[in-house]
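Q: model the structure of this input:
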Amino acid sequence: MAPITMAQALNTALRDALHDDDRVVVFGEDVGALGGVFRVTDGLTDKFGDERCFDTPLAEAGIVGFAVGMAMGGFRPVVEMQFDAFAYPAFEQIVSHVAKLRNRTRGRLSLPLVIRIPYAGGIGGVEHHCDSSEAYYAHTPGLKVVTPATVADAYSLLREAIEDPDPVVFLEPKKLYWSKSDVDTPLRTEPFGRAVVRRAGRDATVVAYGPAVPVALAAAEAAAGEGWDLEVVDLRTIVPFDDETVTASVRRTGRCVVIQEAPGFAGVGAEVAARVQERCFHSLHAPVLRVSGFDVPYPPPMLEHHHLPGVDRVLDALDRLQRDDEPDPRFLALGGAA
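A: Below is the predicted model:
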């Protein structure tokens with residue numbers, strides 16, 4: 001079994017879905033003859049024809065609007081927004097129509113529609129090519145929001161997204177497209193709504209998703225040299241959210257750090273921190289901390305390594321956890337227990 005990249009796993013998932021279900025169609029900007037900017041749709045037009053995988057005009061609102069009509073008509077469209085920030089012209093379609101149609105029709109109509117969005121940074125991209133837009137979609141009721149961090153999950157979660165009766169925003173971490181793993185497809189990993197403990201530990205829980213998961217795992221290895229035994233939880237799906245796995249981990253460790261590549265203010269990490277605090281308050285030895293990108297527009301390529309959360313910033317957060325966990329010497333001077 002030869003290792004494959006995440007991009008190849010996604011391509012295989014699309015290829016298998018097109019083969020297994022005649023209702024599946026794939027379209028977007030340059031996904032046909034070119035095979036997509038990141039070659040995720042490479043070879044699909046040659047194999048299935050330009051009625052099943054085809055190019056569209058450069059009009060994201062039109063792409064999603066067309067997909068809504070196709071889904072209402074019985075197809076299962078999979079559309080690609082070429083880059084994260086390119087999806088914003090389609091945002092009104094996604095929020096006003098894609099997310100609301102089942103509710104608006106009292107369940108008589110569903111939209112089995114997947115919106116693939118290459119997102120986040122780490123590739124040296126320029127403005128409009130490296131946004132982390134997950135919080136916009138996670139805040140919208142009616143959407144499932146999925147982001148794989150492993151090659152196996154990339155295949156499995158995309159297959160599940162295509163089979164889902166409701167709309168799924170499928171966020172693909174661009175810097176992980178070239179990550180490799182020994183994966184034998186077809187395979188199925190955990191379903192939507194199930195987080196996974198990627199590394200067991202006892203001292204603190206690090207919650208991450210998508211491009212932040214490798215950072216969390218690297219930080220856990222580095223922290224081991226400083227005496228920390230970190231547990232790493234990969235959310236996999238932001239919506240639905242797996243409270244059970246996250247809270248069980250934090251109750252075991254008593255501490256929590258959340259990593260996200262997006263800016264910190266009002267991000268997914270804030271929601272995770274709030275849910276942990278509400279459910280694990282009496283188990284926490286220190287406040288829940290967040291490690292995120294800065295609250296600025298995405299910087300030029302030469303500065304992105306300063307902007308993106310890395311191992312050192314996670315280790316700094318652990319130092320803060322340790323300081324917050326230490327008893328106040330003023331309390332001890334008054335006879336308090338350590």
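
Q: so what's Ile162 up against?
A: Residues near Ile162 by C-beta atoms under 8 Å, 6 or more residues apart in numbering: Ala13, Ala17, Asp21, Val24, Arg76, Val78, Pro112, Val114. (Each C-beta comes from the backbone N, C-alpha and C, glycine too.)

Q: give me that answer again for 10 Å
A: By C-beta atoms under 10 Å, 6 or more residues apart in numbering, Ile162 lies in contact with 13-14, 16-18, 20-21, 23-24, 26, 76-78, 112-114, 168, 170.

Q: out of those, which are inside helices?
A: Counting by DSSP state H, the members of those that fall within helices are Ala13, Leu14, Asp16, Ala17, Leu18, Asp20.

Q: most neighbours, which of those residues?
A: Within the ones in helices among the contacts of Ile162, neighbour counts (other C-beta atoms under 10 Å) peak at Leu14, which reaches 29 neighbours.

Q: I'd say it and Leu158 touch.
A: Yes: here Leu14 reaches Leu158: they are 7.1 Å apart, a contact under C-beta atoms under 10 Å.

Q: quick one: strands adjacent to the host helix or strand of Phe54?
A: Applying DSSP states H and E as the criterion places Phe54 in strand 53-55. Note on strand 53-55: by DSSP bridges, its sheet partners are strand 24-28 (parallel).

Q: quick one: distance of the partner strand to the chain centre.
A: How far strand 24-28 lies from its chain's middle: 21 Å, per C-alpha atoms, centre = their mean, to the nearest Å.

Q: export only the CA atoms of the very next helix or strand once past it, formatted as CSV.
A: Sequence-wise, the next helix or strand downstream of strand 24-28 (DSSP H and E) is helix 44-48. Extracted C-alpha coordinates of helix 44-48, given in CSV (Å, rounded to 0.1, in the frame of the first residue of the first chain):
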residue,chain,number,x,y,z
LEU,A,44,-12.7,13.4,-13.5
THR,A,45,-13.9,15.0,-16.7
ASP,A,46,-11.9,12.5,-18.8
LYS,A,47,-13.4,9.6,-17.0
PHE,A,48,-17.0,10.7,-16.5
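
Q: how about residues contacting helix 44-48?
A: Residues outside helix 44-48 that contact it (C-beta under 10 Å, 6+ apart) are 11, 14-15, 18-19, 22, 24-26, 31-36, 50-55.

Q: Phe294: neighbouring residues, count only.
A: The number of residues packed near Phe294 is 14, by other C-beta under 10 Å.

Q: mind listing the strands for the stretch 201-338 of the chain?
A: 204-208, 230-234, 237-239, 256-263, 289-293 (DSSP state E, counting those that start in this stretch).

Q: can I get those strands in JSON lines including mean pLDDT and mean neighbour count?
A: As requested, the strands of the stretch 201-338 of the chain are arranged in JSON lines below (pLDDT from 0 to 100; neighbours: other C-beta atoms under 10 Å):
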{"stretch": "strand 204-208", "mean pLDDT": "98", "mean neighbour count": "29"}
{"stretch": "strand 230-234", "mean pLDDT": "98", "mean neighbour count": "25"}
{"stretch": "strand 237-239", "mean pLDDT": "98", "mean neighbour count": "23"}
{"stretch": "strand 256-263", "mean pLDDT": "98", "mean neighbour count": "26"}
{"stretch": "strand 289-293", "mean pLDDT": "97", "mean neighbour count": "22"}
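
Q: using a markdown table, lay out the ones you listed together with distance to Gly62.
A: Shown next, in a markdown table, are the strands of the stretch 201-338 of the chain (distance: least, C-beta to C-beta, whole Å):
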| stretch | distance to Gly62 |
| --- | --- |
| strand 204-208 | 35 |
| strand 230-234 | 35 |
| strand 237-239 | 26 |
| strand 256-263 | 27 |
| strand 289-293 | 31 |
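
Q: which one of these lies nearest to Pro186?
A: Of all the strands of the stretch 201-338 of the chain, strand 237-239 sits nearest to Pro186, with 19.6 Å by C-beta to C-beta.
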